[in-house]
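Participant: Sequence unavailable; structure follows:
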């Protein structure tokens, strides 16, 4: 078997694995929702498969060492996280093999792998740590899990550039087909900045300021759907805001800052409304803790307001620092930030750093062919 055939099979295997992981997760959640609305009681999976561990009796107060010693296992979330980690690891391995075959001087950047692993770690903490143990009893703990799933994990996952990795892990002709898919109308619509902002606002406001939150707190299976929605919408939004993937939409720096500022307004509005609410959000099955439910609801609103705005401000600062430290912008410092913004908006998007030398060589050969009249 030739090297090209091996890379082709590796890329196709990578795509099949990703499709199976996503299809299995969607099937489990879809069947659970259908069974609920059809009046069939009981989870589609045993409860012990979804959540186990933690406390079997009444929950003690969440204080002191219990923040570190209270754990549970969420096997549905663990399956998704492990599948994503294996898929990403297989992609890094495929890119490294392809790089050695083509004589690249460097493989997949390790800092992107660290970012993706940190994003998966944030999702694990949100679904297995003390935050998850108490998320059906304390709205404040529930809100902490939300922040980790929509504002901590997704930007780290987006910084890991999984779409770029999958693009370079696939060999021709799968590489060409996947590249066309990333630039297709459906994908471009999904990652369109107004659509991403609207989806973020709908999920944040819809799951906190409507009766949907009451239903989620009463039904553990709905929490699984909620977690998946937070991660997907968060990844959609921060992929657009960070602008690191080879997509059709590549925003200039001022536009990305404006997008994050608008999302910060959504977090502020949601947090302030919860902070001033006169109706508490009921916990699942009634809270076993001796706490004031209304005060806990107000605390959850404060976490959304202060924590959400703080995370957004940090992301805005990191993006601005990264933009200001680019060599092409340091050379234009004397022209002012408007000139740098114009150059950023008109610049052609790079597919990835790992292919820059190869693309330059192909462009040079094409220029020679045009000069020769071939």
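Facilitator: Looks like it arrived, so ask away. Just so you know, these numbers come straight off a predicted model, no measurement behind them. Residues are numbered from 1 along each chain as shown.

Participant: Please make it C-alpha for all contacts and neighbour counts, starting now.
Facilitator: Fine.

Participant: in stretch 308-318, what counts as buried?
Facilitator: For stretch 308-318, burial by neighbour count (16 or more other C-alpha atoms under 10 Å) applies to 308-309, 312-313, 315-316.

Participant: Test my guess that residue 227 contacts residue 149.
Facilitator: Yes - with contacts counted by C-alpha atoms under 8 Å, residue 227 reaches residue 149, the gap being 6.8 Å.

Participant: between these two, who's got more neighbours?
Facilitator: residue 149 (30 against 18; other C-alpha atoms under 10 Å).

Participant: Could you report the separation of that one from residue 127?
Facilitator: Using C-alpha to C-alpha, to the nearest Å, one obtains 9 Å as the distance from residue 149 to residue 127.

Participant: cool, and residue 192?
Facilitator: For residue 192, the distance to residue 127 (C-alpha to C-alpha) stands at 29 Å.

Participant: How about residue 314?
Facilitator: Residue 314 sits 24 Å away from residue 127 when distances are taken as C-alpha to C-alpha.

Participant: Equivalent analysis for residue 70, please.
Facilitator: Applying C-alpha to C-alpha to residue 70 and residue 127 gives a distance of 12 Å.

Participant: Who has more neighbours out of those two?
Facilitator: Relative neighbour count places residue 127 above the other of residue 70 and residue 127, with 26 against 18, counting by other C-alpha under 10 Å.

Participant: what about the stretch 151-300 of the chain, any weak spots by pLDDT?
Facilitator: For the stretch 151-300 of the chain, the stretches flagged by pLDDT under 70 are 171-175, 218, 220, 283-289.

Participant: and what of the stretch 1-150 of the chain?
Facilitator: By pLDDT under 70, the low-scoring segments of the stretch 1-150 of the chain are 1-61, 64, 99-106.

Participant: Could you pull out the helices in it for me?
Facilitator: Counting by DSSP state H, counting those that start in this stretch, the stretch 1-150 of the chain has these helices, from start to end: 3-37, 47-50, 66-69, 75-102, 110-128, 130-133, 139-147.

Participant: which residues sit against stretch 121-134?
Facilitator: Contact with stretch 121-134 is made by 54, 59, 62, 66-74, 77-78, 81, 141-142, 144-146, 148-149, 152-153, as judged by C-alpha atoms under 8 Å, 6 or more residues apart in numbering.

Participant: Go again with 6 Å.
Facilitator: Residues from elsewhere that reach stretch 121-134 (C-alpha atoms under 6 Å, 6 or more residues apart in numbering): 67, 70-73, 141, 145, 149, 153.

Participant: Buried ones from these, can you make that a PyMOL selection?
Facilitator: A single PyMOL command is used to select the members of those judged buried by 16+ other C-alpha under 10 Å:
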select buried, resi 70+71+72+73+141+145+149+153
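
Participant: From the contacts of stretch 121-134, pick the one nearest residue 235.
Facilitator: Nearest to residue 235 out of these is residue 153 (C-alpha to C-alpha; 8.3 Å).

Participant: what's the following helix or strand after the host helix or strand of the closest one?
Facilitator: Element membership for residue 153 (DSSP states H and E) is helix 153-159. Under the assignment DSSP H and E, the closest C-terminal helix or strand after helix 153-159 is helix 162-169.

Participant: and that next one, what other elements does it pack with?
Facilitator: Here helix 162-169 touches helix 75-102, going by 3 or more C-alpha pairs under 6 Å, 6 or more residues apart in numbering; DSSP states H and E.

Participant: at 7 Å what do you get?
Facilitator: Packing partners of helix 162-169 (3 or more C-alpha pairs under 7 Å, 6 or more residues apart in numbering; DSSP states H and E): helix 75-102, helix 174-182.

Participant: how about these, which one is nearest residue 267?
Facilitator: Judged by C-alpha to C-alpha, the one of these that comes nearest to residue 267 is helix 75-102, at 25.2 Å.

Participant: That closest one versus helix 162-169: what angle between them?
Facilitator: Relative orientation of helix 75-102 and helix 162-169, computed by axes from the mean of the first three to the mean of the last three C-alpha atoms, to 10 degrees: 40 degrees.

Participant: Distance of residue 222 relative to residue 229?
Facilitator: Applying C-alpha to C-alpha, the value for residue 222 to residue 229 is 11 Å.

Participant: for residue 133, that is, sorry about that
Facilitator: From residue 133 to residue 229 the distance is 20 Å (C-alpha to C-alpha).

Participant: Equivalent analysis for residue 257, please.
Facilitator: Using C-alpha to C-alpha, residue 257 is found at 24 Å from residue 229.

Participant: So those two - more neighbours on which side?
Facilitator: More neighbours surround residue 257 than the other of residue 257 and residue 229, with 21 against 17 (other C-alpha under 10 Å).

Participant: what helix or strand is the more buried one on?
Facilitator: Here residue 257, judged by DSSP H and E, is contained in helix 253-275.

Participant: Buried residues in that helix, which are they?
Facilitator: Neighbour-count burial for helix 253-275 [16+ other C-alpha under 10 Å]: 253, 256-257, 259-261, 263-264, 266-275.

Participant: what does it contact?
Facilitator: Defining contact as C-alpha atoms under 7 Å, 6 or more residues apart in numbering, one finds that helix 253-275 is touched by 197, 201, 205, 241, 297-299, 301-302, 304-305, 308-309, 312, 316, 341.
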